[in-house]
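*Asks:* Attaching a predicted model along with its sequence, questions to come.
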Amino acid sequence: MAKEIQIFCTLGPKTLNKKFLNNIKGKVSLLRINLSHVSLNKLKQNIDLIKKYTRVPICVDTEGAQIRTKSLKKKHYRKNQIGYIEKNKNFHLYPNDVFEKLKIGDMLDIGFQNLLIKILKKDSKIKFKVIKPGILEGNKGVHVKNRSMKLNSLTEKDLIAIKIAKKMNIKNFALSFTNSHYDVLNFEKLLPNCTKIYKLETRNAIKNLSKILSKGKNFLIDRGDLSKDTGIENIPYLQRFILKKAKKRKNKIYIATNFLESMIDNSSPTRGEANDVYNSLELGAAGLVLAAETAIGKYPLESINFLRRMIKVFKNRKKLG
């Protein structure tokens, strides 16, 4: 009997509604709440809404050890332009202790709009120069390109959110930016009776992969942040590298990011996206994860149904040729 291949979908403005939730029974295995985009005030409200209209299990996905922008105004920065990072001003960073950890010479890769800045001076504020032009906006991931920076594996918000979720009988949790096997051990201790998924999306995760895989069962390759940390050109190799190692240990590996990026705005995917989905299944993915496609995309159900058709083709591949 062919193994079950799961589909996870991320909820957002386009899918946190009765119409969508009433139509996903039997189509997806897990509904993801991304804490990076959901406030604590909204968390309970969202869980209540989901439970009202579907019995599909919910997964709370932590913020984890990532720097994010806090910007009040969207702004385009030109090459060589000078700017400033200030605590609690128009452009600052989260978590708050990141300000103290940054150093002169640090290169910050911000979001997915190519913005790269270099820190020139640091006192009560940080002065930077734009190396690559791009757009700055709020709640975007920031990668320190020139060195590793130690961050707590869970934010204060994560810890509060986990308490709320546990009280509401949520049994699935994901740890973002898993960097070492100690992160896995600590998360296992915090949530002993829950299903945990560990997200592999950093250089440190690749460096410590064997030990990380030995301490957990379920893992997710987040190709978006991993591409920012290691280079997008390395993603095909790293995906295969991780899946090969995981196969030996019988870990489950899920894959996320950019499967059906074109379906954010279009009702059909590209041929390249279809090939990417098939390749991921052929390599041994236990499941596929939709993010922006279902959170903010115009065609969330169509995206899910396309993945279901691809999985069916993969399972019946021997009958086709």
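*Replies:* Yep, that arrived.
*Asks:* how about low-confidence regions in the stretch 1-150 of the chain?
*Replies:* Counting by pLDDT under 70, the stretch 1-150 of the chain contains low-confidence residues at 1-2.
*Asks:* Please enumerate the strands of it.
*Replies:* 6-10, 30-34, 58-61, 67-71, 75-77, 82-85, 91-94, 107-110, 115-122, 126-132, 134-136, 141-144 (DSSP state E, counting those that start in this stretch).
*Asks:* how about those in TSV, adding mean neighbour count?
*Replies:* No exception for glycine: its C-beta is placed from N, CA and C like everyone else's. Putting the strands of the stretch 1-150 of the chain into TSV (neighbours: other Cβ atoms under 10 Å) gives the following:
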stretch	mean neighbour count
strand 6-10	23
strand 30-34	22
strand 58-61	24
strand 67-71	19
strand 75-77	16
strand 82-85	16
strand 91-94	20
strand 107-110	21
strand 115-122	18
strand 126-132	18
strand 134-136	19
strand 141-144	20
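*Asks:* Could you dump these into JSON lines and include distance to Ile197?
*Replies:* Listed next are these as JSON lines, based on distance: least, Cβ to Cβ, whole Å:
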{"stretch": "strand 6-10", "distance to Ile197": "9"}
{"stretch": "strand 30-34", "distance to Ile197": "9"}
{"stretch": "strand 58-61", "distance to Ile197": "7"}
{"stretch": "strand 67-71", "distance to Ile197": "20"}
{"stretch": "strand 75-77", "distance to Ile197": "35"}
{"stretch": "strand 82-85", "distance to Ile197": "32"}
{"stretch": "strand 91-94", "distance to Ile197": "23"}
{"stretch": "strand 107-110", "distance to Ile197": "25"}
{"stretch": "strand 115-122", "distance to Ile197": "30"}
{"stretch": "strand 126-132", "distance to Ile197": "33"}
{"stretch": "strand 134-136", "distance to Ile197": "31"}
{"stretch": "strand 141-144", "distance to Ile197": "19"}
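*Asks:* Ile304 is nearest to which of the ones you listed?
*Replies:* Checking those against Ile304 by Cβ to Cβ gives strand 6-10 as the closest, at 6.2 Å.
*Asks:* quick one: strands adjacent to that closest one?
*Replies:* strand 30-34 (parallel), strand 287-290 (parallel) (DSSP bridges).
*Asks:* on that earlier part again, Ala291: which of the strands of the stretch 1-150 of the chain is closest?
*Replies:* strand 6-10 (4.7 Å).
*Asks:* outside of the closest one, which residues touch it?
*Replies:* With contacts defined as Cβ atoms under 8 Å, 6 or more residues apart in numbering, strand 6-10 is touched by 15, 24, 27-32, 34, 59, 254, 256, 286-295, 300, 304, 307-308, 311.
*Asks:* Kindly report the same for stretch 301-311.
*Replies:* 5, 7, 9, 20, 23-24, 27-28, 259-260, 263, 267-269, 274, 277-278, 281, 288, 290, 293-294, 297.
*Asks:* Show only the entries of those found in helices.
*Replies:* In this view, these that belong to helices under DSSP state H are Phe20, Ala274, Val277, Tyr278, Leu281, Glu293, Thr294.
*Asks:* which of those are buried?
*Replies:* Phe20, Ala274, Val277, Leu281, Glu293, Thr294 (16 or more other Cβ atoms under 10 Å).
*Asks:* and which of the residues you listed is nearest Lys207?
*Replies:* Leu281 (27.2 Å).
*Asks:* how close does that closest one get to Arg249?
*Replies:* 20 Å (Cβ to Cβ, to the nearest Å).
*Asks:* Identify the farthest-apart pair in the ones in helices among the contacts of stretch 301-311.
*Replies:* Farthest pair in those, by Cβ to Cβ: Phe20 and Tyr278, 26.1 Å.
*Asks:* hey, where'd the strands end up in the stretch 201-321 of the chain?
*Replies:* Ranges of strands in the stretch 201-321 of the chain, per DSSP E, counting those that start in this stretch, are 218-222, 252-256, 287-290.
*Asks:* wait, what's in contact with the residue positioned nearest the centre of the chain?
*Replies:* Against the mean C-alpha coordinate of the chain, by Cα atoms, centre = their mean, the closest residue is Asp222 at 5.4 Å. Contact partners of Asp222, counting by Cβ under 8 Å, 6+ apart, are Ser176, Lys199, Leu200, Glu201, Ala256, Thr257.
*Asks:* Tell me which two of those sit farthest apart.
*Replies:* Ser176 and Thr257 (12.6 Å).
*Asks:* on that earlier part again, from the contacts of strand 6-10, list just the buried residues.
*Replies:* For the contacts of strand 6-10, buried by 16+ other Cβ under 10 Å: 15, 24, 28-32, 34, 59, 254, 256, 286-295, 300, 304, 307-308, 311.
*Asks:* Domain map for this structure?
*Replies:* 6-65+151-320, 67-144 (automatic domain parsing).
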